[in-house]
Structures are given as structure tokens and as C-alpha cells.
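[1] Structural data only, the sequence is not supplied:
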């Protein structure tokens, strides 16, 4: 059974876009919750983190969550390799 992943963030957030890009690139299914438009989503991450929640907050079906994860942290949680960036594949 595939893992259920919910990504709480906002379209203006560069870290949210980066995390979403990694999930898409690794073909990981996830649900996107825009905390600017979803007051329940914003309340949930505030409950997890306190009054000044940070995004992205990524919640997994086992109850664990990551806050502002690096690509390496998110890939490790997913059990996938971090896809190479253009910089790492470009000869110098």
C-alpha cells in the first residue's frame, strides 16, 4: 500500500516548490494543501509546531512529519535517492 503524504505549504514558498518538485520527480503521490487558502490546514500545522508554523510541513501516514526538509532529508524518509541536480551532472 503506498504511503499517504500531505504537503502543507504555499505557492509563494520556494522551499515548498522544491519539496513538491522532488516528490514529482521521484513519482511520489502526494496531496497539496495550500495553507493560505485552507484554514484547517493552517490550524493543523500550527497545532503541530506552535504559533509560528514553518512550511513546508510534510505529514506521513505513520504520524511522522518533516518541517522544511532538505532534499536529502525528504529522500531519506521516502527511501529514494536524491535525483542529481543540473550542477552535479554538468562537466566543469
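    Great, that's in hand. Bear in mind that the values here come from a model prediction, so they are computed numbers and not experimental data.
[2] okay, and the helix or strand of this structure with the least pLDDT?
    helix 86-89 (a mean of 49; mean pLDDT, DSSP states H and E).
[3] where do the strands sit along this structure?
    Under the criterion DSSP state E, the chain contains strands at 5-9, 31-34, 57-60, 65-67.
[4] how about those in CSV, adding distance to residue 20 and mean pLDDT?
    Yep, even glycine has a C-beta here, placed from its N, CA and C like the rest. Shown next, in CSV, are the strands of the chain (distance: least, C-beta to C-beta, whole Å; pLDDT from 0 to 100):
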stretch, distance to residue 20, mean pLDDT
strand 5-9, 6, 97
strand 31-34, 7, 97
strand 57-60, 10, 96
strand 65-67, 13, 96
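[5] Ok, which of the ones you listed comes nearest residue 73?
    Ranking these by proximity to residue 73 (C-beta to C-beta) places strand 65-67 first, at 6.1 Å.
[6] Show me what the closest one packs onto, helices and strands only.
    If contacts are counted by 3 or more C-beta pairs under 8 Å, 6 or more residues apart in numbering; DSSP states H and E, strand 65-67 sits against strand 57-60, helix 71-78.
[7] looking at these, which is closest to residue 24?
    Across the helices and strands packed on strand 65-67, closest to residue 24 is helix 71-78 (C-beta to C-beta), at 12.1 Å.
[8] Rebuild the strands of the chain as TSV, extending it with mean neighbour count and distance to residue 46.
    TSV is the format used below for these (neighbours: other C-beta atoms under 10 Å; distance: least, C-beta to C-beta, whole Å):
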stretch	mean neighbour count	distance to residue 46
strand 5-9	21	10
strand 31-34	16	13
strand 57-60	21	10
strand 65-67	17	12
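[9] what ranges of this structure fall below the confidence cut-off?
    1-2, 83-92 (pLDDT under 70).
[10] list the buried ones in stretch 46-59?
    53, 55-59 (16 or more other C-beta atoms under 10 Å).
[11] let me redo that: stretch 27-46
    Buried positions in stretch 27-46, judged by neighbour count with 16+ other C-beta under 10 Å: 28, 30, 32-35, 41-42, 44-45.
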